[in-house]
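K.L.:
Kindly return the folded structure for what I paste below:
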Amino acid sequence: MKIIVAGGTGFIGQHVCQILIENQHDVIVLSRNPAQAQAHSNQKISFVDWNALTHEEDQNIEGAEAFINLAGAPIADARWTPAQKQTLINSRVITTRRLVEAIARLTVKPKTLINASGIGFYGAADNVSMNESSGQGQGFLAELCQQWEHEADQATHLGVRVILLRLGMVLGSDGGALSKMVTPFKMFAGGPIAPGTQKVSWIHIDDLARLIIWLLETQTVLGPVNAVSPHSVTMQEFCKTLGKALDRPSWLPVPGFMLNILLGELSDMLTTGQQVEPRKITHEGFTFTYPTLDPALNSLFKKHS
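P.N.:
Down below sits the predicted model:
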């Protein structure tokens, strides 16, 4: 299957592209600098200039059976100033709009668009279990996800099956939020972010990559899909398990007010939680290699020790 990937050079994208290659798919990654990306990547992956889309030069993406859109500036890399918020919006909403416009120009439309989103769609709610039928929550992330998904949904008018992949915290040893949490633990200064009772909904990077393959093959699934394990945990449990996997204590709580001083509105994402169920995919028969946290973290760190 010929598959176009936007955001294929990022933390999640690299893992997804690798498993696509292993499953004998023809992978083409959209890149602002294709020559540089090619030099640092698997030679079985092809790269095309992202500007080809904006200039309506779509010959390189003709014949694709699926598009996977993982593009977007990192959510937690900088304080949410008005300028940073606009960067987060543009890198998701505008990028997705241009992808759908490119699909509209194709002679033969792809069968599937898998478009990243986030469980931030649901807003903060620790005491309520949420699934794909739950409504939109409040706050910047909820609004961002709604706009992002709206742009992707436009591809349904072109006859494309659209999957809105609502990601939880993606666990990998080489990127994402987890790699940033590991540093203080290795310095014996790790601990939960207060209050510690907030729920963390997560997924192992290997399960996420497998899920995307499964979604490409499972034609009955469409619309919102929660990409999280079936077992969310509290922040306190998460950090205790992480400390155990790293052979480090989890004893130094990070006060919420300190995060607020350092990060502003961004701190709300860390001090509040979400209990999210992967109801749609479990109902359709997807099985997790890492449904619980302890073996998931051990697989990432114990084998490197």
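
K.L.:
mind checking pLDDT for the residue of the chain most remote from its centre?
P.N.:
No residue in the chain sits farther from the centre than Thr107, which is 29.7 Å out by C-alpha atoms, centre = their mean. Thr107 carries a pLDDT value of 91.

K.L.:
again with Gly264
P.N.:
pLDDT at Gly264 comes out at 60.

K.L.:
likewise Ser305?
P.N.:
40.

K.L.:
can you map out the helices along the protein?
P.N.:
11-22, 34-39, 51-54, 82-89, 95-105, 140-153, 176-186, 205-217, 235-245, 256-263, 267-271, 279-283, 293-301 (DSSP state H).

K.L.:
okay if I get these as JSON lines plus distance to Ala71?
P.N.:
Using the backbone N, CA and C atoms, a C-beta is placed for each residue, glycine as well. Output for the helices of the chain, formatted as JSON lines (distance: least, C-beta to C-beta, whole Å):
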{"stretch": "helix 11-22", "distance to Ala71": "8"}
{"stretch": "helix 34-39", "distance to Ala71": "13"}
{"stretch": "helix 51-54", "distance to Ala71": "11"}
{"stretch": "helix 82-89", "distance to Ala71": "12"}
{"stretch": "helix 95-105", "distance to Ala71": "5"}
{"stretch": "helix 140-153", "distance to Ala71": "10"}
{"stretch": "helix 176-186", "distance to Ala71": "15"}
{"stretch": "helix 205-217", "distance to Ala71": "15"}
{"stretch": "helix 235-245", "distance to Ala71": "27"}
{"stretch": "helix 256-263", "distance to Ala71": "24"}
{"stretch": "helix 267-271", "distance to Ala71": "20"}
{"stretch": "helix 279-283", "distance to Ala71": "23"}
{"stretch": "helix 293-301", "distance to Ala71": "25"}
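
K.L.:
Gly137: what's it in contact with?
P.N.:
Applying C-beta atoms under 8 Å, 6 or more residues apart in numbering, we find Gly137 in contact with Gly120, Phe121, Tyr122, Gly123, Ala124, Ala125.

K.L.:
how about TSV for those residues, with distance to Leu70 and pLDDT added?
P.N.:
Converted to TSV, the contacts of Gly137 look like this (distance: C-beta to C-beta, whole Å; pLDDT from 0 to 100):
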residue	distance to Leu70	pLDDT
Gly120	16	92
Phe121	16	96
Tyr122	20	95
Gly123	23	90
Ala124	24	85
Ala125	26	79
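
K.L.:
Was I right to think Leu222 contacts Arg161?
P.N.:
Yes: between Leu222 and Arg161 there is a contact under C-beta atoms under 8 Å: 5.0 Å.

K.L.:
okay, now Pro110: neighbour count?
P.N.:
Neighbour count of Pro110, defined by other C-beta atoms under 10 Å: 22.

K.L.:
Could you measure from it over to Gln154?
P.N.:
14 Å (C-beta to C-beta, to the nearest Å).

K.L.:
do Leu178 as well
P.N.:
To Gln154, Leu178 is 33 Å away according to C-beta to C-beta.

K.L.:
Compare those two (neighbour count), which wins?
P.N.:
The neighbour count for Leu178 versus Gln154, taken as other C-beta under 10 Å, is higher for Leu178 (21 against 18).

K.L.:
Spit out the contact partners of that one.
P.N.:
Per C-beta under 8 Å, 6+ apart, neighbours of Leu178: Met169, Val170, Leu171, Gly172, Leu242, Leu300.
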